[in-house]
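> pasted the sequence and its predicted model underneath.
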Amino acid sequence: MNRRHEVVKENTAPSSVLPVAPSRGRLRPLGLDEVSITGGFWAHRRHINETATLGHCRDWMERVGWTGNFRAVAEGRVHRDRRGREFADSEVYKLLEAMAWQSGARTGTGLDTDIAALTETLAPAQAPDGYLNTAFGNPGQQSRYSDLEWGHELYCHGFLIQAGVAQARARGEGELTKIARRAADHVCATFGRGGIEGVCGHPEIETALVELARLTGEQRYLDQAALFVERRGHGTLADGEFGRVYYQDDLPVRRATVLRGHAVRALYLAAGAVDVAVETGDEELLAAVVRQWEAGVARRTYLTGGMGSHHRDESFGDDFVLPPDRAYSETCAGVASVMLGWRLLLATGEPRFADLAERTLFNVVATSPAEDGRAFFYANTLHRRHRGGVPAEDAPSPRAEASLRAPWFEVSCCPTNVARTLALLPAYLATADDRGVQLHQYADARITTSLTAGHTVALSMRTDYPSGGNVVVRIDRSSPARPWTVSLRVPAWTAGDTAWLTGPDGTRRAVAAGTAEVTRVFRPGDEIRLELPVRPRWVRADPRVDAVRAAVAVQRGPLVYCAESVDLPAGHDVDAIRVDPSTEPEDGPDPAGATVVVTGQVTAHDTRHDGPWPYRPVDAPAAPPAAERTGIVLVPYHSWANRGPATMRVWLPTEEPDRPTSDRPMPPDSTPTAR
């Protein structure tokens, strides 16, 4: 795919409450003071995040001693009393960032007290030169930066800086921001030119330093971020068990052709590289990241948008190695994918980046938290073969692959990452430019912004999305009256179907996947209606995804569906299912798309291969099915495991064998990725 990706200068954003605030790009982001989510799917989840998840994370971090580590540093006892993994500090910082963005949305103003209390806890642990870490550099501990591969010191500094930026933008510069700036100054002094010529084993500091540069106007922060990006891939980190590819130190960013290695590390690095490219006008660097994104999406991404198929090293697999039952698909990788997609969307204006972000938000980020916001999935499998047990309520889960969501983990990066994503989610809905407003994600919302000096617009969005496909945009204000454009993303999943757009003049027209626009002199009360063909439909994988040949899945709008054993006859598990893809799936009896029904069979066991040996000649007779055809209920993937232990699968075997691979047309882009 040959596209030229230019970094275009744009107007400075009028909003101050911006999680990502590039000075250049095709589109201008809108901040939490310009966009508010007022109802529906995401408003409910953000309410749970504010009222349950944030407090849950704060209480658990106190219970397991992660916040106490900072007190232990100040009191000189951390060498014997420290608790948690070497990166536990970062979870406190991510929680602070989530609280800051939630308060910036003007719904969580009571969180200011919590932010102040946590800041008072960590402030005394900061060294005079700005260094702040509870696992290294204190009396009785390893020296500073003695383990760049696994120590996570720069990673932790990155999340501290992100939290400080969030406070400054959401509530004005406070003590947390000052602590973060001192830490950033320390990083620049230590790792700048003439200092330590290394990088962190876990990228993250890069995005943080760029955002601090955007906040403060200080060039040295941007220069340091660019230096970290350029150093990556030159073997500065020691070769280890998983190889240098694990932390993307095998190839320079500009030469890499695909997302690879540890999935979260790869995506954080790519996001940081985009930030550097945008601020420096580096078209080559931006194009390199787009190339990696394209290859990663085309060959290494699950139907849900999840990334990472290896449990052992939490990494991407080789091309098309996407086993559903071994999908790692870490929640943090989903968050990082959305972060990267948002940056690429702002830089290029291309709706495909919002398409993947939507898929990932609904099917990874929304899947992680339980309905009450107090338990989480770390990994997001697409096939659960065993019901498993209930995780302990009063102890961290030692494993990332629990059969149910766990209240906390020994490595609890995902709960806080979900919390900060939901807190800043309104900022992912819309953008603006001199021409008008662009809507990328659909939710009940209010948007108010200025397009150019003196031209203020306000609009509201009403929708039943994702359960339905109706989106109504109402113009509430346009002052003064002059022509401008409302752009609406028509999701890629509508391809092969028809979406309809009706303008204020009543003209209804079919629109293709991509972007639909209405340009006119809008007046208050004008409405634009987008009708998206939300209905259940079968999906097949590329035949090179060996693990799901002869299987199909169901998608309804942006939502992926799954079969769960609690919806099958008693005693049956999902491996007993065979479906008939010649019969279209239908909406179930529950309202709002809560279920889908497909035609198939549920057998006590698949007896067609029953015997002492699981293989048979192709021409050997098969045993007859053990059950008649019936309706099989599917539920949205994000809702699974909320009804107790269950088996589950997204990819459903078909009643007849899949036709041979050689009979299928290959996708247009079928050239193997260069490694």
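Thanks, I have it. Numbers count the residues shown, from 1 in each chain.
> was I right to think E91 contacts S412?
Yes. Contact criterion C-beta atoms under 8 Å: E91 and S412 qualify, at 5.9 Å. C-beta coordinates here come from the backbone N, C-alpha and C atoms, glycine included.
> shared neighbours, these two?
Taking C-beta atoms under 8 Å, 6 or more residues apart in numbering as the contact rule, E91 and S412 both touch C57.
> what distance do you get for V566 to L382?
With distances taken as C-beta to C-beta, to the nearest Å, V566 is found 17 Å from L382.
> which of those two has more neighbours?
The residue with more neighbours, out of V566 and L382, is L382; 26 against 18, by other C-beta atoms under 10 Å.
> residue contacts, the more buried one?
So L382 contacts 302-304, 306, 324-325, 327, 329, 562, 637, 649-651 (C-beta under 8 Å, 6+ apart).
> need the residues you listed in TSV with distance to E586, pLDDT and neighbour count, can you?
TSV is the format used below for the contacts of L382 (distance: C-beta to C-beta, whole Å; pLDDT from 0 to 100; neighbours: other C-beta atoms under 10 Å):
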residue	distance to E586	pLDDT	neighbour count
Y302	25	98	27
L303	20	98	21
T304	22	98	26
G306	27	98	28
P324	24	97	24
D325	27	95	12
A327	27	95	26
S329	28	96	28
C562	16	98	29
Y637	18	98	25
R649	19	98	25
V650	18	98	29
W651	19	98	25
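> just those residues: which are in helices?
Of the contacts of L382, none are assigned to helices by DSSP state H.
> which SS state does S450 fall under?
At S450, secondary structure determined by DSSP: H, G, I helix; E, B strand; the rest coil is strand.
> heads up, I number from 306, so please use that
Right, with 306 as the first residue, what we last looked at is S755.
> so it touches T761, yeah?
Yes. The pair S755 and T761 qualifies as a contact (C-beta under 8 Å) at a distance of 5.1 Å.
> the strands in the stretch 306-455 of the chain, which residues?
333-334, 340-344 (DSSP state E, counting those that start in this stretch).
> out of those strands, deepest packed?
Across the strands of the stretch 306-455 of the chain, the average number of neighbours (mean count of other C-beta atoms under 10 Å) peaks for strand 333-334, which reaches a mean of 24.
> which helices and strands does that one pack with?
helix 636-653, strand 735-737 (3 or more C-beta pairs under 8 Å, 6 or more residues apart in numbering; DSSP states H and E).
> elements contacting the longest one?
For helix 636-653, the contact count by 3+ C-beta pairs under 8 Å, 6+ apart identifies strand 333-334, helix 568-585, helix 588-604, helix 657-665, helix 718-729 as packing neighbours.
> identify whichever of the ones you listed lies nearest to F392.
The stretch from the helices and strands packed on helix 636-653 with the least distance to F392 (C-beta to C-beta) is helix 718-729; that distance is 7.6 Å.
> okay, angle between that closest one and helix 636-653 too, please.
40 degrees (axes from the mean of the first three to the mean of the last three C-alpha atoms, to 10 degrees).
> I'd like the average pLDDT over helix 718-729.
The average pLDDT within helix 718-729 is 98.
> and for that helix, what's in contact with it?
Counting by C-beta under 8 Å, 6+ apart, 324, 337, 347, 350-351, 354-355, 358-359, 361-362, 392, 395-396, 399-400, 402-407, 410, 413, 569, 635-637, 640, 643, 670, 673-674, 681-683, 713-714 sit against helix 718-729.
> over to stretch 814-825?
With C-beta under 8 Å, 6+ apart as the test, stretch 814-825 has contacts from 656, 740-741, 743, 788-800, 803-809, 831, 833, 835.
> those residues in strands, which ones?
Of the contacts of stretch 814-825, the ones assigned to strands by DSSP state E are 741, 743, 789-795, 804-807, 833, 835.
> just give me the closest of the residues you listed to A513.
Q743 (26.8 Å).
> which one is the closest one nearest to, not counting chain neighbours?
Leaving aside its sequence neighbours, Q743 sits nearest to S792 (C-beta to C-beta, 6 or more residues apart in numbering; 4.2 Å).
> D580 now?
Excluding the flanking residues, the one nearest D580 by C-beta to C-beta, 6+ apart is V515, at 3.9 Å.
> and what of R390?
Spatial nearest neighbour of R390, excluding adjacent residues (C-beta to C-beta, 6+ apart): V716 at 6.0 Å.
> nice, that's everything, thank you.
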